[in-house]
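Colleague: Sequence first, then the predicted structure:
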Amino acid sequence: MARVVQSKVAVVSTVFFVCLHFACCNNGRRVGDALETEFSGFSVPLEHSFEVDDVAKFQVRGALLLKPGREPGVSLSQNPLSDEDRTKLKEVAAVDGLYRIRVPRVFLQADRQTERQMEGYLTAFVRACAMVESHLSDVIALHTDVSGYLIGVSIVTLPGACRGTEVEDEVDLEIFNTTLSIMAPVNAPGPETAFFLERMEQESEKKGKNPQEQKSFIAKYWYLILGGAIFLMVTNSAQPPAGGGREQS
Amino acid sequence: RAAAAMAKLILLWLKCIILYNAVDAVFEDQVGKFDWRQQYVGKVRFSHFDTHVQSSKKVLVATENNVFAALNTRTGELFWRHVDKSGPEGNIDALLHHGQDAILVVGNGRLLRSWDVNVGGLNWEIVLDSGSFQKACLVGQQGTVKHVAVLEKNIISLHYLSNGHQKWIENLPDSETVDYQTVYSGGNGEVYALGIVPHSHIVIIAYSTDDGEIIKQISVEAPWLSNIVASCAVIGQGVLICVDSATPSLYMYNLNPNMDDLQMTQIPLQSLGLEVAPDFQPVLVSHQPNSAHQPLSEFFLQLGPDNFLLLQFNNGQIVTLRDFKPVRKLFSIFLFHIQKHYINLFSAETGRRLLDTTLIFVMDPNGGKPEKIYIQPFLKKDDSVGYRAMVQTEDHTLTFIQQPGRVMWTREEALSDVVTMEMVDLPLTGTQAELEGEFGKKADGLMSMVFKRLSSQLILLQAWISHLWKLFYDARKPRSQVKNEVTIENLSRDEFNLQKMMVMVTASGKLFGIDSKTGSILWRHYLNDVPSNAAFKLMVQRTTAHFPHPPQCTLLIKDKDTGLTTLHVFNPIFGKKSHVTPPALPQPILQSLLLPLMDQDYAKVLLLVDDQYKVSAFPSTKNVLQQLQEMASSIFFYLVDSSQGRLSGYRLRTDLSTEQIWEVVIPMEIQRIVSVKGKRPNEHVHSQGRVMGDRSVLYKYLNPNLLAVVTESTDTHQERSFVGIILIDGVTGRIIHEAVQRKARGPVHIVHSENWVVYEYWSTKSRRNEFSVIELYEGMELYNSTVFSSLDRPHAPQVLQQSYIFPSAISTMEATLTEKGITSRHLLIGLPSGGILSLPKMFLDPRRPEIVSEQSREENLIPYAPELMIRTEWFINYNQSISRVRGIHTSPSGLESTCLVVAYGLDIYQTRVYPSKQFDVLKDDYDYMLISSVLLALFFATMISKRLAEVKLLNRAWR
């Protein structure tokens, strides 16, 4: 019994796979070819997968156009979600499945196409319900290392929460609203010695200008100390009359 | 008078300053009150008893940890200790002992040192050609030892014992082909270098002690021999005797230069009526009691794993003196053997057992088997032979035994190599547990609850009265008689949970339970089947809080090569193996994680992920599996494959299989992953944000799943090398922050806690150690203040970073930890000098302003200064230096202000630190009398004044 059901599911999903693959491949190639000549960049596929049984089957979502160079740039051209995919995404969201994306590992700074592509993929995920509830507005970030290898990809949706709100309108799930960025590592700061020394110099200069500051403790407050001493002396010498005064009152 | 008053004022002011500055440090009378240190030497490699004076109480030990020390044979304490460089540079190759001098060859023949045994001072040290040390021996002449000979691969040299000067040095002939393995001197003016061409011949060269002239050089056919050291020995009047297992027979050759044999004399073992055990390489053991004289003509021949023979060489004949057939193990040439747990002394000349020399040796059932034994024989007053024995067991323990079997002392040298540790709360006393149990039990009716409450109150009252009685009883006794010894029976938690059980795991596979207050070892347990390259992970599955269930610790032992893992489950308070049977793990284990889930017996669930990415749970009861199924979709874990630079995340499925959900690959060509550090699971953060100068709040980014990944560049050129820090969310694989510290290299030490990461690296550009701190903030408002979910934090945090110069290299680093996280944090930094520095985290704050403003002053931020000072009062271990500190463990106590610290390396040091001073403790010298008398006085004053006021009112009314 169980086996029969399983095989049915498998058949259905392969059908989906075939038709989608066909459509996307067409688009991806066309977009990639057109842009490669213009920006001297190169394109890699951005693939996604969302399945009710959570077994990843990646299909092309769009094409990432990567521009190598000192400040790498990236742009994305993607196709709208088909009707079948929309319903499937909603189904996956209903069972709290995952929406995964993947990009191939690439080396941005290589000159030739053959050197760019490397074995393996970088994957990331977001909950499918978050994808649905945010109406397909996601933020994808690509991270490179120091020398331009792509090391990771991350995806979040805005808003990120799953509140269980129903998305009625099918149109909301058609077009991706993607914010894309590529990030290289930040240079961590070293100890700021130069600035500190400069400030110290300034301060010592300031002190030099203001002779009041340079005086020693006694030189600065001699009048207070003297006053205190006089006060003490006066109180000491004035004690007998003070005692007499108390008697009088 | 004015001047005097002024002086007083200034003095007071000075006092204030001094007091203020000295608060961090320990007062002299507090030394040793809250802290203790234990010094170790490590596994003994060479040992000699100091016998040149009859009354000497020293035993010299040279250890595998490159330590040379003298122990007191009466108490086992250290007389003195010298710790050399760790690693092969300080490796002790040989220890020779003569009279007052101990000669050490260090660092594969790099240094020759002579130590004065009495005081542990260095007599002299000379540098040799390093890298090819073979053997050293003392050279005697006419009854006195004046020289030491050092044999290296191609050189033999002779040095004066008195000052280390070289007497002569000679190149060994044909050193490319001949492998010179040993050097021998029989005390007759010649030094023999013995070399071998394997499976061909032995080369024997005799040098004159006086000028290094070659007296005789001869090569003897020995096609059956491959290694001199393993199968030959020199006995009697310079007779080289070798054993061959193939024939099987003994071969003899007289080294005496007057003899000119070209062949070795073969004596088949059959002719002696002996037989070698199958597949056993026979071993010869000889003994030279004094280097100025020739060796004994008696020697041992081992023919099987438990078959020893005492043979005598007499006028070219070999005679069997005694057959020690049932002997388990024979240790050295001192003629004794261990038979089960007995040590007997035998006469070498006759092979007869000496009377009254049996020593009964009771082995610790929780220890290892004996490995080596060192005997100190002496003549008693009635001329009979007495002896003491130092037994070294597999678990690196030294036990010193006196006849007839009294253990004088034991030293647990396994503690010199602590790998990991945990601190476990001590159990409650019976009464405390009773009270706790009352709340734990289910309510069953009003009346029974009332009775239960009354009975527990009665028990408490009874305990209090008995406590009072004990106090009263003890008070009458003189103070010295009141013993407060901690034993395993009277262990109980103190008022503020300051006393804990330190469970220490050592590299040798021995576990220890140590009382944190006194440092006494309360239990020990040796695991015999631990592989030598094992990695350990210690987890507390159940604490002592769940009475009557016993506390439970699980030690995960993983063979680093095969990945095969075993679990050892035990009670951390008593050290006993638990009756809970751990699951058999046939597959290599990749990852283990302790979940906050508990089974019905309050044991936390341990998940083990094997190399098929299948998950098994321990304990795996029905209850646990059901809970796991419910929780499965929210259990995530990550794996790190540093050999491929791959970090991947997985999610648990309901059928306990896993699915990969994210993957980050850091190319190996550029950088390699050095360490991955998460946060400590038992860490509490009290405040969610920091109040700024303008009274707004900057919220911290407190992601409990955040991982700090440290990478180092594969390019080590000082201009191009870098250290990378990547902060990754362990659930979603999202890279939160990626930073590169250029012109830097490791070793990187890192601490990751709260919302900050502190790391230390070596700056190749400026050639100095630098600290860097990264802090993460969510910003001025929180995204979701009630709960943190990695799946729902779309906004990236603000990252602040600042770096500082640190004037010293560091060995290890850890952050203090307190119960509720209210106390400010300090970093505990172990320095190579042996100090432990408590550096306030306040100094490592990326918000330290470069230009001081009103707001930063309001916030109490210290103005930025590029250098972090080391203040001497920050050392928490004052003069108790800790050699080669490798790790620091921090643990919260019941007092919020107090954090327990254990530093371990070669030594172990335990203390308490108070990062925000002792704000919740009254001082030791708090004046209770004053405060109570003031209170009383005020009370009476109000009573009286009230009365007076009444009278006055009454009087006025009458007027």
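Modeller: Received the coordinates, thanks.

Colleague: For the rest of this, base every contact and every neighbour count on C-alpha atoms.
Modeller: Noted.

Colleague: how about the helices in chain A?
Modeller: For chain A, applying DSSP state H gives helices covering A:2-39, A:83-94, A:113-116, A:128-133, A:193-209, A:211-214, A:217-220, A:222-237, A:239-248.

Colleague: worst average pLDDT in the ones you listed?
Modeller: Here the helices of chain A differ in mean pLDDT, and the lowest is helix A:2-39 at a mean of 35.

Colleague: residues in contact with the residue nearest to residue B:576 when sequence neighbours are not counted?
Modeller: Among residues not flanking residue B:576 along the chain, residue B:570 sits closest, at 5.5 Å (C-alpha to C-alpha, 6 or more residues apart in numbering or on different chains). When contacts are counted by C-alpha atoms under 8 Å, 6 or more residues apart in numbering or on different chains, residue B:570 touches B:552-554, B:576-578.

Colleague: Filter these down to just the ones in strands.
Modeller: B:552-554 (DSSP state E).

Colleague: And chain B, split by domain according to the record?
Modeller: B:304-308+B:324-397, B:414-451+B:490-582, B:584-665, B:927-958 (the TED database).

Colleague: so residue B:527 sits right up against residue B:506, yeah?
Modeller: No: checked against C-alpha atoms under 8 Å, the pair residue B:527 and residue B:506 is beyond contact range at 10.4 Å.

Colleague: These two: which has the busier surroundings?
Modeller: Neighbours per residue (other C-alpha atoms under 10 Å in any protein chain shown) separate residue B:527 from residue B:506, with residue B:506 holding more: 21 against 16.

Colleague: For the more buried one, list each beta-bridge partner.
Modeller: Residues in a beta bridge with residue B:506, per DSSP bridges, are residue B:418.

Colleague: how close does it sit to residue B:391?
Modeller: Applying C-alpha to C-alpha, to the nearest Å, the value for residue B:506 to residue B:391 is 20 Å.

Colleague: and chain B, which residues reach chain A?
Modeller: Contacts of chain B with chain A, taken as C-alpha under 8 Å from any C-alpha of the partner chain, map to B:2, B:661-667, B:670, B:732-735, B:737-742, B:770, B:772, B:791-794, B:801-805, B:850, B:864-867.

Colleague: what about 6 Å?
Modeller: Contact residues, chain B versus chain A (C-alpha under 6 Å from any C-alpha of the partner chain): B:662-666, B:734, B:738-741, B:792, B:794, B:803-804, B:866.

Colleague: Show me the contact partners of stretch B:731-747.
Modeller: Contact with stretch B:731-747 is made by A:154, A:185-188, B:636, B:662, B:719, B:721-728, B:761-765, as judged by C-alpha atoms under 6 Å, 6 or more residues apart in numbering or on different chains.

Colleague: List only buried entries from these.
Modeller: The neighbour-count criterion (16 or more other C-alpha atoms under 10 Å in any protein chain shown) marks A:154, A:185, A:188, B:636, B:662, B:721-728, B:761-764 among the contacts of stretch B:731-747 as buried.

Colleague: What number of residues are in the vicinity of residue 139?
Modeller: Looking at chain A here, since you left the chain open. For residue A:139, the neighbour count with other C-alpha under 10 Å is 17.

Colleague: meant chain B, my bad for not saying
Modeller: The burial count for residue B:139: 29, using other C-alpha under 10 Å.

Colleague: Point out the other helices and strands that the one helix or strand it maps to packs with.
Modeller: Assessed by DSSP states H and E, residue B:139 sits inside strand B:133-141. When contacts are defined as 3 or more C-alpha pairs under 6 Å, 6 or more residues apart in numbering or on different chains; DSSP states H and E, strand B:133-141 sits against strand B:144-152.

Colleague: Okay, the nearest residue to residue B:304 once chain neighbours are set aside and residue A:191: tell me how far apart.
Modeller: In space, and not counting its chain neighbours, residue B:304 is closest to residue B:277: 5.0 Å by C-alpha to C-alpha, 6+ apart. Distance from residue B:277 to residue A:191, counting by C-alpha to C-alpha: 70 Å.

Colleague: likewise residue B:653?
Modeller: From residue B:653 to residue A:191 the distance is 47 Å (C-alpha to C-alpha).

Colleague: same thing with residue B:548?
Modeller: 55 Å.

Colleague: of the two, who's got more company?
Modeller: Per other C-alpha under 10 Å, whichever of residue B:548 and residue A:191 has more neighbours is residue A:191, with 19 against 11.

Colleague: Go ahead and confirm the more buried one touches residue B:866.
Modeller: Yes: the criterion here is C-alpha atoms under 6 Å, and residue A:191 meets it with residue B:866 at 5.4 Å.

Colleague: Pull up the overlap in contacts between these two.
Modeller: With C-alpha under 6 Å, 6+ apart, residue A:191 and residue B:866 have common neighbours residue B:804.

Colleague: Look at stretch B:186-200 and report the distance between its end residues.
Modeller: Stretch B:186-200 end-to-end distance (C-alpha to C-alpha) = 26 Å.

Colleague: For residue B:666, the count of nearby residues, please.
Modeller: Residue B:666: 22 neighbours (other C-alpha under 10 Å).

Colleague: swap that for residue A:140, sorry
Modeller: 18.

Colleague: Now do the helix or strand encompassing residue B:156: everything it contacts.
Modeller: Using DSSP H and E, residue B:156 falls within strand B:155-160. Contact partners of strand B:155-160, identified using C-alpha under 6 Å, 6+ apart, comprise B:147-150, B:165-172.
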